[in-house]
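**Student:** fold the following, please.
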Amino acid sequence: MRLYAVHLRRHGLDADRDVRLVKDGFSWPALFLTFLWALWHRLWWEAAAMLGASILLNMAAGYWGLDALSQLVVSLGLAILVGTLGNDLRAWKLQRSGFALSGVVTGKDSDHALRRFLDSEPALAADLAL
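**Tutor:** Numbering: from 1, shown residues only. Model prediction:
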């Protein structure tokens, strides 16, 4: 079972647009795709920062004369940082966009977790009219 944070738009009642679930923990797609993953999730500034950090780290590694293995370790360190913080960045963006953290729920996947959350909040489920 995975743990999900449920974010609801403060004044919205459309299940497709106003309810977002963000998985808690490490993000494997963010590890492997870094700034492309951020673009996919519309984290524009974060994607630019990731790309800029990657370019700066590679330029610094070349300037300092690091060998290929050391450059790989530096790039891998940045990717691990993005994977660790990826889902937190998504939750932070939702809060900036007018969503509020409504609860935490477990589920096999996000659909199962959403059903469990709505089962525990019958008034909200009726308002959403799923």
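**Student:** hang on, residue 104 in a strand?
**Tutor:** Yes. According to DSSP: H, G, I helix; E, B strand; the rest coil, residue 104 belongs to a strand.
**Student:** residues of stretch 98-105 that come out buried?
**Tutor:** For stretch 98-105, the buried set under the neighbour-count rule, 16 or more other CB atoms under 10 Å, comprises 99, 102, 105. (Each C-beta comes from the backbone N, C-alpha and C, glycine too.)
**Student:** do stretch 35-44 as well
**Tutor:** When neighbours are counted by 16+ other CB under 10 Å, the buried residues of stretch 35-44 are found to be 35, 37-39, 41, 43.
**Student:** got it, and stretch 19-34?
**Tutor:** Across stretch 19-34, burial judged by 16+ other CB under 10 Å covers 19-23, 27, 30-31, 33-34.
**Student:** which of those residues fall within helices?
**Tutor:** 30-31, 33-34 (DSSP state H).
**Student:** what count of nearby residues applies to residue 74?
**Tutor:** Neighbourhood size, residue 74 [other CB atoms under 10 Å]: 16.
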